[in-house]
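Q: Fold the following and give me the result.
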Amino acid sequence: MCHFVVQATARQQKQQLQEAVKATEQQLDALRRWLGEPVDADPAAVLNTIWTFANSFDQAYRNVQRLLL
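A: From the prediction side, this is the model:
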C-alpha cells in the first residue's frame, strides 16, 4: 500500500514540476518578446543582460547619491 502512495505522490510532484516548467517557459517567452529578443535567445543570456543592467543601475544610483550628499 505504501508503495502506491509514494508512486502517486511522485506522479503528482512530477506533474507539478512539468506545469511549473511550462509556466516558466511561457514567462521567459513573454520576457524575450517584451525585450525584443529573438524567440530562440538563450534564457541565461537574457537574464544575464537584465542582471548586468540592474547592477549597473544600482551602482550609478549609489554614485549619484554620494555626489548629492
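
Q: in the chain, which segments are predicted with low confidence?
A: 1-2, 4-5 (pLDDT under 70).

Q: go again using 90 as the cut-off
A: Low-confidence segments of the chain, defined by pLDDT under 90: 1-8, 10, 69.

Q: can you give me the helices for it?
A: Ranges of helices within the chain are 2-35, 43-68, based on DSSP state H.

Q: For the ones you listed, give me CSV that also has mean neighbour count.
A: Just so you know, the C-beta spots here come from the backbone N, C-alpha and C atoms, and that holds for glycine as well. Shown next, in CSV, are the helices of the chain (neighbours: other C-beta atoms under 10 Å):
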stretch, mean neighbour count
helix 2-35, 10
helix 43-68, 10
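
Q: residues touching K22, list them.
A: Counting by C-beta atoms under 8 Å, 6 or more residues apart in numbering, K22 touches no other residue.

Q: any idea how far V39 is from it?
A: 16 Å (C-beta to C-beta, to the nearest Å).

Q: do T24 as well
A: Distance, T24 to V39, using C-beta to C-beta: 16 Å.

Q: swap in Y61?
A: Taken as C-beta to C-beta, the span from Y61 to V39 is 33 Å.

Q: And Q27, by the same measure?
A: Counting by C-beta to C-beta, the gap from Q27 to V39 is 14 Å.

Q: cool, and F53?
A: 21 Å.

Q: can you check I50 too?
A: Per C-beta to C-beta, I50 is found 17 Å from V39.

Q: Same check on Q59?
A: Taken as C-beta to C-beta, the span from Q59 to V39 is 31 Å.

Q: next one: A54
A: Distance of A54 to V39, computed by C-beta to C-beta: 23 Å.

Q: cool, and E19?
A: For E19 relative to V39 (C-beta to C-beta), the value is 22 Å.

Q: now Q26
A: Counting by C-beta to C-beta, the gap from Q26 to V39 is 12 Å.

Q: now do Q65
A: The gap separating Q65 from V39 is 39 Å, by C-beta to C-beta.

Q: Phi and psi next, for V39.
A: The phi/psi pair for V39 (degrees, to the nearest 10) reads phi -60, psi -30.

Q: That one reaches A30, doesn't it?
A: No - using C-beta atoms under 8 Å, V39 is not in contact with A30, being 11.0 Å away.
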